Structure formats: C-alpha cells, structure tokens
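**Student:** No sequence on hand, only this structure:
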C-alpha cells in the first residue's frame with residue numbers, strides 16, 4: 001500500500017483502517033442498517049479474531065467518540081422520551097443479554113482463542 005495517506009500510519013493502524021473499510025463496504029452492499037457504524041466494528045472484530053495486529057487511531061478516536069456521543073444525545077427529543085415506555089420490554093432484556101454474553105464470551109476467549117484472563121474479560 002503506497003498511498004500517501006498511509007505512510008504516516010503504523011502497520012497496526014493501517015490494518016485497522018483496512019478492516020474497518022472492508023466491513024463498511026460489506027455492510028453497505030448487504031444493506032445492513034448503520035453500515036458505517038456497525039461495519040467497521042464487525043470488520044475489526046473479524047480481523048482481531050484472526051489475530052491481526054490492530055491499533056486505534058489515538059486522539060482521533062477520542063474526538064470521534066465525542067462527536068458520536070453529541071450526535072446521539074442531540075437526537076433525544078420530547079417525542080423520543082414520550083415513546084420510551086414502548087421500549088421498556090426491550091430494555092429489560094439488555095442486562096440479561098449482557099450476562100449471557102459474559103458467561104459465554106469469557107470461556108470462549110480463554111479456551112478457544114487462548115486469551116489471557118484480563119483480555120478475555
């Protein structure tokens with residue numbers, strides 16, 4: 001990859017950008033909702049599970065998380081709050097889902113992928 005934009009990036013950051021880009025394109029082509037949010041996460045997850053070395057984008061990542069938080073927060077309107085009771089049943093299942101993920105995920109990462117305890121947690 002001799003693109004000028006990649007020259008200042010470390011190999012790990014290049015790999016993360018490639019994985020994120022492939023995930024975005026795949027989600028766009030498949031018509032999956034939120035392709036530019038979920039696609040990069042899926043692409044990087046697959047790369048990480050394939051033991052590819054990845055690294056975040058440093059300060060840029062912090063800025064983008066802040067930007068995303070403001071964008072999501074500004075979408076909370078009185079109409080959304082008024083509709084909140086409709087979502088209570090779904091919200092109730094979130095802690096249960098998180099518990100199941102923990103019970104399945106930790107042993108999976110420890111035994112199958114051979115991660116150390118801290119990383120598997």
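**Tutor:** Okay, I see it. Just so it is clear, the structure is predicted and the values come from calculations on it, not from any experiment.

**Student:** right, and residue 115 touches residue 109 too?
**Tutor:** Yes. Using CB atoms under 8 Å, residue 115 is in contact with residue 109, at 4.4 Å. Placement of C-beta: from N, CA and C, glycine included.

**Student:** how about the nearest residue to the spatially most central residue of the chain, chain neighbours excluded?
**Tutor:** Most central in the chain under CA atoms, centre = their mean is residue 41, positioned 3.3 Å from the mean C-alpha point. The shortest distance from residue 41 to any non-neighbouring residue, by CB to CB, 6 or more residues apart in numbering, is to residue 23 (7.0 Å).

**Student:** which residues sit in contact with residue 109?
**Tutor:** Residues near residue 109 by CB atoms under 8 Å, 6 or more residues apart in numbering: 115, 119-120.

**Student:** Mind doing that once more with 7 Å?
**Tutor:** 115, 120 (CB atoms under 7 Å, 6 or more residues apart in numbering).
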